[in-house]
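J.: whatever this is, show me its structure:
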Amino acid sequence: MDVTHLAAVDTTRAARLLSEVRSARLSGRRVPVPPRPVIEQSWERMLRGGVDPERDVRADPLPREEVQRRREKSALRHVLPVLREGLLAAADVAHHIMVVADEDGRVLWREGSPPVLRRADVLGFELGADWRESVVGTNGLGTPAVVRRPVQVFASEHFVRSQADWTCAGAPLTDPRDGRLLGVVDVSGPLETMHPATLSWVDSVAKLAEARLREMHLESLERLRAVAAPVLARLGGRALAVDADGWTAAVSGMPYTRRVALPKSLSAGPRWLPALGLCAVEPLAGGWLLRPAADEPLPRGGTRIVLDLRHPRRWSVEVSGGAGTWTRELSPRHAELLYLLAVHRSGRSASGLAADVFGDPERTVTVRAEMSRVRRYLGAFLEHRPYRFAEDAEVEVLLPDDPGDLLSHSTAPAVARLRSSAVTP
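T.: Numbers count the residues shown, from 1 in each chain. Down below sits the predicted model:
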């Protein structure tokens, strides 16, 4: 069903039809038309999570002081001018409001039409409010954070009935340095303000905001490069200057590496880094100077690898051993691949992984490319031919409490089978 087209032609009829679809779906009756896949999948998550569709449940909003603290900490504060310029003027005319939430779903900024802001207060759409999907149901702030793409939620596509007189269009905002979710920007308003172009508009402005963050990152690397240049000129041997997130600003005596995986808490001194081995780490203004030791063997014995899949879209791998501990966040594809290798400790060939992930054993080129990226940070602990974890590494997988939440984004055939059987490596 093309909800946006129908709503643009006849808002009342679209709202009535969606109300019938919601009622039928929640009562187990045959639906007159199927809901959109992104909405149906969200509803299924709500039903599994026990969200009550008839009860408006709200968490207490954060105190004003905590909202301010989060604002000052959030990278989103740097792109507020972009969001305001792109959204606020038109939103006010169209009787919408702009809402920006952080990665935890907490509303940090809320601006726009005063009458609409007052109506939003009634919904609990206020500063500091918790609008995670798992708390208040399918909505334009919480759902884009889960699926990591723009989503418009119209009328009774909201899971909780009290939100059915509202329309929302939200887009996730991600950190261009590492793909981490920073938050969601949403344009919302009363049902009658719905327009089919709203989602594209919000998504375009969100992309402009991410482009500004990318520019800021490049500017910071330029500043670090200027600091590092005279230092590198004096040094002999291999060295590179990286920012706090491991992005390379300058390099000397060794091939250029775009990014180096760094521990969450890095400090000066001898440190073992996944891609470089043992390094002398020294602070620089805006980053670190890394000086790899020559011909230093990579420590392997007694290594423990923990694959954490408990939290949606926040998967990570932690490696600990004699050289210390480091953690790396994982992309959806890398989380899938490492989970499959943890299940199949004896290893999987490229064709086997292609069948596992894509249902097509011929897609080995894609698998090899992805595994090459994985081995950039786990190379010391992964074997190939077949791909597998090192035999002397202890591997533990942390799974979500609900088996249905295991890599819930994944359409990989093998993951779907493991999800249904709740396999724990």
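J.: which residues does the residue nearest the centre of the chain contact?
T.: For the chain, residue 181 is the residue whose C-alpha lies nearest the centre (CA atoms, centre = their mean; 4.2 Å). Counting by CB atoms under 8 Å, 6 or more residues apart in numbering, residue 181 makes contact with 103, 145, 148, 172-175, 313. (C-beta placed from N, C-alpha, C; glycine too.)
J.: tell me the least confident of the residues you listed?
T.: Least confident of these in the model: residue 313, at 74.
J.: picking that back up, let's see which of the contacts of residue 181 end up in strands.
T.: Residues of those located in strands (DSSP state E): 172-174.
J.: and stretch 192-211, what's buried?
T.: For stretch 192-211, the neighbour count (16 or more other CB atoms under 10 Å) marks 193-196, 198-199, 201-203, 205-206, 209-210 as buried.
J.: wait, I meant stretch 381-400
T.: 381-382, 387-389, 393, 395, 397, 399.
J.: redo those as TSV? Include pLDDT.
T.: Shown next, in TSV, are the buried residues of stretch 381-400 (pLDDT from 0 to 100):
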residue	pLDDT
381	82
382	86
387	92
388	92
389	90
393	84
395	91
397	90
399	89
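J.: could the ones in strands among the contacts of residue 181 go into CSV alongside distance to residue 46 and neighbour count?
T.: Formatted as CSV, the ones in strands among the contacts of residue 181 follow (distance: CB to CB, whole Å; neighbours: other CB atoms under 10 Å):
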residue, distance to residue 46, neighbour count
172, 19, 24
173, 24, 27
174, 24, 18
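J.: now do the SS call for residue 138.
T.: coil (DSSP: H, G, I helix; E, B strand; the rest coil).
J.: bridging residues for residue 382?
T.: Beta-bridge partners recorded for residue 382 (DSSP bridges): residue 389.
J.: apart from its chain neighbours, what residue comes closest to the residue nearest to the centre of the chain?
T.: Leaving aside its chain neighbours, residue 181 sits nearest to residue 103 (4.8 Å; criterion: CB to CB, 6 or more residues apart in numbering).
J.: show me the contacts for the one you found.
T.: By CB under 8 Å, 6+ apart, residue 103 lies in contact with 145, 180-183.
J.: show me the two of the residues you listed that sit farthest apart.
T.: Maximum pairwise distance among these (CB to CB): 11.8 Å, between 145 and 180.
J.: these two: who's more crowded?
T.: Comparing residue 145 with residue 180 by other CB atoms under 10 Å, the one with more neighbours is residue 145, at 25 against 14.
J.: in stretch 58-73, what counts as buried?
T.: Across stretch 58-73, burial judged by 16+ other CB under 10 Å covers 61-62, 67, 70-71.
J.: just to revisit the earlier point, from the ones in strands among the contacts of residue 181, pick the one nearest residue 364.
T.: Proximity of the ones in strands among the contacts of residue 181 to residue 364 (CB to CB) peaks at residue 174, which lies at 29.4 Å.
J.: mind naming the longest helix for this structure?
T.: Counting residues, the longest helix found in the chain (DSSP state H) is helix 198-234.
J.: who does that one touch, helix- and strand-wise?
T.: The contact analysis (3 or more CB pairs under 8 Å, 6 or more residues apart in numbering; DSSP states H and E) places helix 198-234 against helix 80-83, strand 151-154, strand 166-174, strand 181-190, strand 239-243, strand 248-252, strand 277-284, strand 287-292.
J.: any stretches of the stretch 1-150 of the chain with poor pLDDT?
T.: Within the stretch 1-150 of the chain, the stretches with pLDDT under 70 are 1-10.
J.: ranges for the helices of it?
T.: 3-9, 11-27, 37-49, 64-73, 80-83, 89-93, 114-123, 133-136, 142-147 (DSSP state H, counting those that start in this stretch).
J.: point out the most buried one among those helices.
T.: helix 142-147 (a mean of 26; mean count of other CB atoms under 10 Å).
J.: so what's residue 116 closest to, chain neighbours aside?
T.: Spatial nearest neighbour of residue 116, chain neighbours left out: residue 97 (4.9 Å); criterion: CB to CB, 6+ apart.
J.: do the same with residue 98
T.: residue 87 (4.8 Å).
J.: neighbours of that neighbour, how many?
T.: By other CB under 10 Å, the residues close to residue 87 number 25.
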